[in-house]
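Colleague: Okay, predicted coordinates and the sequence, questions at the end:
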Amino acid sequence: MIDDLKTTALAHLDALIAFDTTSRDSNLALIGYVEHFLRGYGVESRRVSNADGTKANLYATIGAPVPGGVVLSGHTDVVPVDGQAWSSDPFVLTRRGDRLFGRGTCDMKGFLALALSVVPQFARGEAARPLHLAFSYDEEVGCLGAPSMIRELVSELPAPCAVIVGEPTNMEVVSGHKGISTWRVTVRGHEAHSSLTHLGVSANMVAVGLMAQLRGLADALEQHGDPASLYHPPHATLTIGLMQGGTAVNILARECTFVFDLRTPPGQDPDAIMAPFLEACAREDRALRARFADAGVAVLRRSATPSFAPEANGAAELLARRLAGDNGPARAAPYAAEAGQFQGAGFSTVICGPGSIEQAHQPDEYLEIAQFERGAAFMARLFEAMM
């Protein structure tokens, strides 16, 4: 069975890699492929689309619609390849030696392909409990797509016993990740000649002051890490990833924008952490508006992905460890994922999938054949466990 699953999964992976599902673009062609495949086994699926219908989540139940099934979940979008030096076409699955190259091979179309490979076994109706598929969009830009699908899973699915999110973990079980909140701050100044500072206000200078506060906050967070934490680094982190502002060296800047992210371990409230900074932005906004009607500070929260905490005797972890043959220590991922969203909706959740996060987002992203084989064995054991 394992060899059959591997062969089928490779065919699916070849097809999935060919769909350019970079987050800025639509994923509907890939969703259509999955729908067509499932219909071939008499399986109906449901789309949960975004507001303008250009992207969609997809979920389906294969087998008897009874409680106790397992959800295999993964995102369909990938990060851009722009400016990266690839040795082969990133949207053509290419085997070189013991590695499979292509954008999304490990993050995370390899897992999606493995999930599809076991559909025929469940579709025969022999398993006592069902397999559920839950494929999302826009994970890479803030886990934006999954929540609308998760709400439907809560209301529509017979209660599953576990959700397995197949992010790359080298097929080791991961039971936690930090949450991530991302923010965009836009400072609007009032242009004037740079020698006449009393006639205007530089958005850049105001923004530098606000960013200095964030730097101080980042330093303070670093001092309050728990050395025994599963998370690396063990403290909340705050980094400013993008900055853009100004027109010319001798003009008081009209606008400056910066974007930052805050990553928090379970138990730390990002809203409470950010409250003093947001209050400072509001004060600065009032002060600027009092001087110039066109000036001010606007803050936009771009995303808010919750953290994912280990569950004491969690059903998902116990199952995944049995399927993966994993008796290792408790682990946490350095990245944020959709696992926290599933857990927040009441599902017992774990992360386990083929490939290494060290290969994700890189030029010449690859998945080792050995990892793919371990994933196929995992799926075979999952089918047996549902009998």
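Modeller: Here it is on my side, so go on. Numbering: from 1, shown residues only.

Colleague: Please parse the chain into its domains.
Modeller: Here the domain assignment for the chain is 2-176+308-385, 179-305, based on automatic domain parsing.

Colleague: Which of the ones you listed has the highest mean neighbour count?
Modeller: domain 2-176+308-385 (a mean of 20; mean count of other Cβ atoms under 10 Å). For the C-beta atoms, the positions are set from N, CA and C on the backbone; glycine is no exception.

Colleague: roughly how far is it from the heart of the chain?
Modeller: Put simply, domain 2-176+308-385 sits 12 Å off its chain's centre (Cα atoms, centre = their mean, to the nearest Å).

Colleague: those helices in the stretch 1-150 of the chain, which residues are they?
Modeller: For the stretch 1-150 of the chain, the helices defined by DSSP state H, counting those that start in this stretch cover 2-18, 28-39, 110-117, 119-123, 146-156.

Colleague: Nearest to H75 among these would be which one?
Modeller: Set against H75 and scored by Cβ to Cβ, the helices of the stretch 1-150 of the chain come closest in helix 146-156, at 7.5 Å.

Colleague: same for the closest one, what does it pack against?
Modeller: strand 45-49, strand 56-62, strand 70-75, strand 131-136, helix 339-344 (3 or more Cβ pairs under 8 Å, 6 or more residues apart in numbering; DSSP states H and E).

Colleague: Let's have the helices of the stretch 1-150 of the chain in TSV, adding distance to S194.
Modeller: Converted to TSV, the helices of the stretch 1-150 of the chain look like this (distance: least, Cβ to Cβ, whole Å):
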stretch	distance to S194
helix 2-18	51
helix 28-39	49
helix 110-117	54
helix 119-123	64
helix 146-156	46
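
Colleague: Which one of the ones you listed lies nearest to P354?
Modeller: Closest among the helices of the stretch 1-150 of the chain, once you apply Cβ to Cβ, is helix 110-117, at 5.0 Å.

Colleague: can you redo the helices of the stretch 1-150 of the chain as TSV with mean pLDDT and distance to T182?
Modeller: Shown next, in TSV, are those (pLDDT from 0 to 100; distance: least, Cβ to Cβ, whole Å):
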stretch	mean pLDDT	distance to T182
helix 2-18	96	27
helix 28-39	98	25
helix 110-117	98	25
helix 119-123	97	35
helix 146-156	98	15
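
Colleague: circling back: I'd like to know which of the helices and strands packed on helix 146-156 lies nearest to A212.
Modeller: helix 339-344 (30.6 Å).

Colleague: contacts for the closest one?
Modeller: With contacts defined as Cβ atoms under 8 Å, 6 or more residues apart in numbering, helix 339-344 is touched by 71, 73, 143, 146-147, 150, 163, 165, 167, 177, 179, 305-309, 311, 349-351.

Colleague: Kindly recompute the last result at 6 Å.
Modeller: With Cβ atoms under 6 Å, 6 or more residues apart in numbering as the test, helix 339-344 has contacts from 146-147, 150, 163, 165, 179, 306-308, 349, 351.

Colleague: For A128, state which of the residues you listed is nearest.
Modeller: Using Cβ to Cβ, V163 is the member of the contacts of helix 339-344 that lies nearest A128, at 18.9 Å.

Colleague: Could you pull up the residues touching the spatially closest residue to A192 that is not a sequence neighbour?
Modeller: Excluding its sequence neighbours, the residue lying closest to A192 (Cβ to Cβ, 6 or more residues apart in numbering) is G200, at 3.0 Å. Applying Cβ under 6 Å, 6+ apart, we find G200 in contact with 190-192, 252.
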